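Enquirer: Sequence first, then the predicted structure:
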Amino acid sequence: MTHTSQKTSVAWHPLWRVLCDGVDGLLLMGFFLLILISGYCLYDSLYVYTHTLDAMEIARYKPAGNVSDTVITPITDEMVGWITIDGTDIDYPVMQGEDNSVFLNKDPFGRFSLSGSIFMDSRNNPSFDDEYTIIYGHHMAYGKMFGALDSYLNEDYARSHASGILLVGYDGAERRELAVFAVAQASAKERTLFQPGPAEKVMRFLAANDALILYKPTGRIIALTTCAESSVDARILVFCEIIQ
């Protein structure tokens, strides 16, 4: 019995070594694959961040609203205005394409950009005269583009960052004040919020869905919206009243 056991042990030893070596090899390959994936993710995040439209850089082209102060700008004539929210990095031109896919990956200069542009819904009137206007922007890191909007879910932040300016037109000739009056989260499939329509209909939705409402507006309103992290179709919306 002892002799047979030793022969079996000797016979299985090479096979066991091969299996162990194979497992070690797979683990090593998995380790290097993990390093490669992590490195790519880091590179991708850095690339997107460094190629995001910089508010400080583009601010030089902000229209002054005065013909004598007009500067030559490379921003395309698809610009319909300029939006600034005080105390945040939101200080960008507002673009409008023939459909809502145009400026998802195109910057205001007409170049390809993963961070895209801040843009108005293609169904809205470019003069901002609709009762309800929708403005979209990607949620970028460090508060770039519309990355600051999730901070408005905190009521104290919303109240302390509740003012802004809207310059209407390519030359910014019309200046209008903005006042934040509500903040909400909703599905991108919610038609009431994601298509132009009556302002009163939007207000009824907000009241019925436990939105943060700072006050009830009396004039035209706009929604600034971006992606939320909670799910693929979740959106954050910050509502502003346009004050003449």
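Expert: Yes, it's here. Numbers count the residues shown, from 1 in each chain.

Enquirer: How about the contacts made by residue 150?
Expert: Residue 150 makes contacts with 139, 226, 228, 229, 236, as judged by C-beta atoms under 8 Å, 6 or more residues apart in numbering. Any C-beta I mention is one placed from the backbone N, CA and C, and that applies to glycine too.

Enquirer: Can you give me the buried ones in the longest strand seen in the chain?
Expert: Using DSSP state E, we find that the single longest strand of the chain is strand 174-187. Of the residues in strand 174-187, 176, 178, 179, 180, 181, 182, 183, 184, 185, 186 count as buried by neighbour count, 16 or more other C-beta atoms under 10 Å.

Enquirer: In those residues, find the pair that's most separated.
Expert: Across the buried residues of strand 174-187, the longest distance by C-beta to C-beta is 26.4 Å; it joins 176 and 185.

Enquirer: Now do residue 91: how many residues are near it, please.
Expert: Neighbourhood size, residue 91 [other C-beta atoms under 10 Å]: 18.

Enquirer: pLDDT wise, what is it at?
Expert: Here the pLDDT value assigned to residue 91 is 95.

Enquirer: Could you point out which residue ranges in the chain have low pLDDT?
Expert: Flagging of the chain using pLDDT under 70 yields the residue ranges 1-52, 55, 65-71.

Enquirer: Please repeat the previous calculation with a cut-off of 90.
Expert: Confidence mapping of the chain against pLDDT under 90 gives the ranges 1-59, 64-73, 114, 141-143, 173, 210, 229-232, 244.

Enquirer: quick one: the strands in it?
Expert: 79-85, 91-95, 119-120, 132-136, 163-168, 174-187, 212-213, 221-227, 234-243.

Enquirer: Would you mind finding the most buried of those?
Expert: The highest average neighbour count among the strands of the chain, using mean count of other C-beta atoms under 10 Å, belongs to strand 119-120 at a mean of 26.

Enquirer: I'd like the contacts of residue 150 as JSON lines, with distance to residue 104 appended.
Expert: Shown next, in JSON lines, are the contacts of residue 150 (distance: C-beta to C-beta, whole Å):
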{"residue": "139", "distance to residue 104": "13"}
{"residue": "226", "distance to residue 104": "12"}
{"residue": "228", "distance to residue 104": "17"}
{"residue": "229", "distance to residue 104": "19"}
{"residue": "236", "distance to residue 104": "17"}
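
Enquirer: and of the residues you listed, the nearest to residue 95?
Expert: Distance to residue 95 across the contacts of residue 150 (C-beta to C-beta) is lowest for residue 226, with 15.3 Å.

Enquirer: Beta-bridge partners for that closest one, please?
Expert: Beta-bridge pairing of residue 226 under DSSP bridges involves residue 236.

Enquirer: Pipe the strands of the chain into JSON lines and attach distance to residue 143 per row.
Expert: Shown next, in JSON lines, are those (distance: least, C-beta to C-beta, whole Å):
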{"stretch": "strand 79-85", "distance to residue 143": "11"}
{"stretch": "strand 91-95", "distance to residue 143": "11"}
{"stretch": "strand 119-120", "distance to residue 143": "18"}
{"stretch": "strand 132-136", "distance to residue 143": "17"}
{"stretch": "strand 163-168", "distance to residue 143": "15"}
{"stretch": "strand 174-187", "distance to residue 143": "16"}
{"stretch": "strand 212-213", "distance to residue 143": "20"}
{"stretch": "strand 221-227", "distance to residue 143": "11"}
{"stretch": "strand 234-243", "distance to residue 143": "13"}
